[in-house]
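**Q** please find the sequence and the predicted model below.
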Amino acid sequence: MLKLIGIDKSYTTGTFTQKALSGVTLDFRRNEFVTVLGPSGCGKTTLLNIIGGLDQYDHGDLIISGKSTKSFTDVEWDMYRNNSIGFVFQSHNLIQHLNVLQNVEMGMTLSGVSSSERKRRAQEVLEQVGLRNHMHKRPNQLSGGESQRVAIARALANDPDVILADEPTGSLDSVTSVQILDLIKRIAKDKLVIMVTHNSELAEKYATRIIRLKDGEVIDDTNPVIEEKELKAEFSLKKTSMSFLTAIISSLNNIRTKLGRTLLTAFAGSIGIIGIALIMSLSNGMDQEIANFERDTLSGYPIAITNSKFDFQKIMEMDEEDMVSFPDTEFATIFDENRLQQYFLPNIITDNYVDYVNDYVDNIAPETISGIKYVRKMNLSLLRYDLETSAYVEIYDEEKTAVPQNPGNVFGFVSSRFTLIPDGDVFGDNYDLIHGYYPVNDLEEGKIQVVLVVDEYNRIYKSTLERLGYDVDQQTEYPFSDIVGREFKLFVGVYDESTSDVATALDVEISGIIRIKQGSNVNLLYNGFGYTADVVDYLAEQYPSEVGDISSIYIYPVSFEEKDELKTYLDSYNDQFETDSLERIDYVDQAATFTAMASGIVDTISIVLVAFASISLVVSSIMIAIITYISVLERIKEIGVLRALGARKKDIARVFNTENMLIGFASGIVGILFAGLLIIPINLIIERLAEMGNVAKLSPLHAIVLIAISVVLALVAGLIPARMASKKDPVVALRTE
Ligand code: ADP
Ligand code: MG
């Protein structure tokens with residue numbers, strides 16, 4: 001079933017070539033106890049390694065179950081070692097960080113045997129070698145003989161067809177040696193055992209066949225196979241592969257044996273994570289602080305669609321660049337101050353656009369809008385009956401008081417005005433009626449009512465009081481009860497004292513006084529009069545020639561998030577037009593432009609700081625690479641043993657990669673924990689300095705991402721050393737002391 005035909009093997013070191021085996025031809029029976037004798041350096045270990053598939057022959061062939069191994073792939077060799085071969089080494093080569101049971105299980109673990117089955121079989125073989133009670137011990141707690149018995153149990157565990165033992169008693173005293181050989185003989189009675197030994201006395205006693213080697217050649221064979229009818233025994237080759245869980249358990253065990261080093265590494269690796277986590281929490285917190293500021297102070301500003309918009313094209317072409325600054329000339333030139341007007345284009349609100357907006361407000365997302373108003377240009381005059389002159393005097397002219405509606409005028413100061421109260425909750429949410437009642441119009445009868453707006457100090461503009469007919473030089477306090485109930489006339493059209501007929505005017509009465517709510521930042525109305533939208537609708541219907549089209553629209557979203565939705569909706573209106581089309585309709589969200597800048601600055605600073613902190617991540621990655629490299633050197637024996645047990649190259653790399661990922665994970669966790677602790681004093685300091693509480697906040701998402709980055713970096717850093725480990729020649733690895 002095992003046959004070597006003309007096997008040659010030589011090792012070349014530098015220019016020197018050592019022939020280890022030369023023309024070895026041997027045939028083994030399915031079941032015999034073969035000992036290989038010979039002086040040191042004659043090629044015994046090499047022979048076993050080649051039979052066991054651990055080393056590759058140069059010439060000749062190894063026939064396994066009648067099949068040539070000349071074209072065996074790595075995977076097939078791995079399967080062969082795992083399933084068919086059990087190695088017992090002179091120095092038992094147990095894996096130090098695994099306990100006895102785990103050592104015995106390792107071969108089965110590699111071939112994917114279930115854990116309960118593994119345990120059952122391992123206990124069974126430990127029973128056979130008489131070590132059942134020692135199964136939870138670590139290798140360094142065992143005597144030499146016990147260690148060798150564990151090694152035998154490990155070789156037997158996967159029930160191989162062939163046991164290869166390389167001087168198994170070499171390091172044992174004679175009494176223990178006899179025990180071990182008895183054990184091997186007893187256990188392997190139905191297997192092929194090939195055992196290398198120096199001791200010819202023992203060989204004579206136990207072996208059924210003795211092969212003598214000298215200088216890499218077979219010089220004697222006491223019981224060669226001659227034309228023997230072979231039992232056709234096939235080796236069963238099952239695929240080996242280490243499961244991720246096994247890799248984790250093995251890594252965890254190894255980490256446990258050098259806990260101090262691992263913790264130090266994890267801590268060093270965590271420094272970069274701490275830095276980045278802190279920067280991110282701060283920048284996060286600042287952004288949130290800005291957003292809150294925006295929400296608290298600026299959310300009252302509506303989306304305004306006014307009758308002019310910036311001409312970005314023109315602004316780009318501003319021509320100051322062509323001019324010489326601080327010229328040396330003796331003359332002045334013209335600066336047309338009205339030129340700035342050129343930078344505005346008409347923003348004409350079409351019926352289509354009004355429908356488009358209405359559709360949003362009424363149907364698509366009514367719950368997201370707290371108020372809306374449509375402003376029309378109107379020719380109106382407010383008249384007061386003057387008792388002294390017994391005539392009507394014009395106190396208010398919409399045309400004259402209207403301020404130019406530049407998009408930038410939201411913050412501008414305006415004097416007393418006649419303003420439209422927006423429809424929706426926004427009014428009631430932000431204004432209190434402090435006297436009288438809300439306007440009730442009787443439009444059929446031509447009667448309308450208005451409210452008077454006072455500021456938070458109950459002040460009314462002097463000009464407004466004068467219009468109301470008060471003598472502001474005489475009076476300092478104006479009782480609400482005196483103001484409410486005052487009556488005026490609203491003349492639609494341009495009022496001319498001599499020609500206009502006051503009889504056609506509408507009656508206006510002040511029905512109540514309103515004031516902004518405490519804590520509200522939403523300025524809906526100018527100091528002056530407020531009227532309701534149905535008045536405008538009525539006037540537009542009755543006096544179409546005096547009331548213009550809608551010239552501006554103010555939309556008040558419920559909150560900041562909703563504002564963005566609305567903006568997206570308004571943006572998509574322009575999709576139907578070319579980018580430079582005059583039909584495009586622009587809106588202004590002044591609040592946003594104000595804070596976008598602030599958070600832009602915060603973000604830029606954060607990016608720069610994160611880049612700096614990342615340097616320490618690079619440093620810790622290099623450190624992990626070095627530590628992995630050292631670990632590979634330290635565990636070279638283990639690599640050899642795992643390979644002898646049938647571990648694939650991949651599995652070896654996996655052991656190291658898993659370990660690095662665990663270290664990376666630990667770094668991430670440690671980093672996040674430390675960052676979380678450091679945030680507390682940092683917040684206290686910021687609170688002292690800037691009077692902002694709890695600014696730094698680490699978002700859970702960022703924490704998870706940072707841990708993931710830490711894991712990935714550790715994995716990547718260790719990839720090359722781990723690959724080196726997987727490429728280690730098992731023969732060299734096992735010979736390493
Ligand atoms: P034995 O086990 O009989 O003592 P080995 O099989 O270990 O002998 O070695 C046979 C010969 O091959 C020795 O001369 C040894 O120096 C050489 N040899 C074995 N392995 C290597 C190797 N990896 N590189 C170079 N020479 C080696
Ligand atoms: Mg040897």
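**A** Yep, that arrived. From a predicted model like this one, the values you see are computed outputs, not experimental measurements. Ligands and ions are numbered 1, 2, ... in the order given.

**Q** what residues does the stretch 601-737 of the chain have near ligand 1?
**A** Contacts of the stretch 601-737 of the chain with ligand 1, taken as C-beta under 6 Å from any ligand atom, map to 731, 732. For glycine as for every other residue, the C-beta is placed from the backbone atoms N, C-alpha and C.

**Q** repeat for the chain
**A** So far as C-beta under 6 Å from any ligand atom goes, the chain lies against ligand 1 at 11, 13, 18, 20, 38, 40-46, 731-732.

**Q** from these, which would you call buried?
**A** Judged by neighbour count, with 16 or more other C-beta atoms under 10 Å as the criterion, the buried members of those are 20, 38, 42, 43, 44, 45, 46, 731.

**Q** which two in those are spaced the farthest apart?
**A** The two members of these with the most space between them (C-beta to C-beta) are 38 and 731, at 18.3 Å.

**Q** and the strands in the stretch 201-350 of the chain?
**A** Secondary structure of the stretch 201-350 of the chain (DSSP state E, counting those that start in this stretch): strands located at 209-214, 217-221, 303-305, 308-310, 344-346.

**Q** list the helices and strands the helix or strand just after the last one packs on?
**A** Under the assignment DSSP states H and E, the closest C-terminal helix or strand after strand 344-346 is helix 351-359. Other helices and strands packing on helix 351-359, by 3 or more C-beta pairs under 8 Å, 6 or more residues apart in numbering; DSSP states H and E, are strand 547-557, helix 560-573.

**Q** point out the most buried one among these.
**A** Burial of the helices and strands packed on helix 351-359 is given as mean neighbour count (mean count of other C-beta atoms under 10 Å); strand 547-557 ranks first at a mean of 20.

**Q** off-centre distance for it?
**A** 44 Å (C-alpha atoms, centre = their mean, to the nearest Å).

**Q** next one: stretch 710-729
**A** Relative to the centre of its chain, stretch 710-729 is centred 23 Å away, using C-alpha atoms, centre = their mean.

**Q** in strands only, show me the buried ones among the residues of the chain next to ligand 1.
**A** Within those, residues falling in strands by DSSP state E are residue 20.

**Q** re earlier: need the strands of the stretch 201-350 of the chain in a markdown table (columns: mean neighbour count).
**A** Shown next, in a markdown table, are the strands of the stretch 201-350 of the chain (neighbours: other C-beta atoms under 10 Å):
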| stretch | mean neighbour count |
| --- | --- |
| strand 209-214 | 19 |
| strand 217-221 | 15 |
| strand 303-305 | 22 |
| strand 308-310 | 19 |
| strand 344-346 | 15 |
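
**Q** mean pLDDT per helix and strand in the chain: which one sits at the bottom?
**A** Per-element confidence for the chain was summarised using mean pLDDT, DSSP states H and E. The lowest value among helices and strands belongs to helix 398-401, with a mean of 51.

**Q** skip ahead from the lengthiest helix in the chain and say which helix or strand is next.
**A** Secondary structure of the chain read by DSSP state H shows that its longest helix is helix 590-634. If you walk from helix 590-634 toward the C-terminus, the next helix or strand you reach (DSSP H and E) is helix 636-644.

**Q** next SSE downstream of that following helix?
**A** Going down the chain from helix 636-644, the next helix or strand is helix 649-690, by DSSP H and E.
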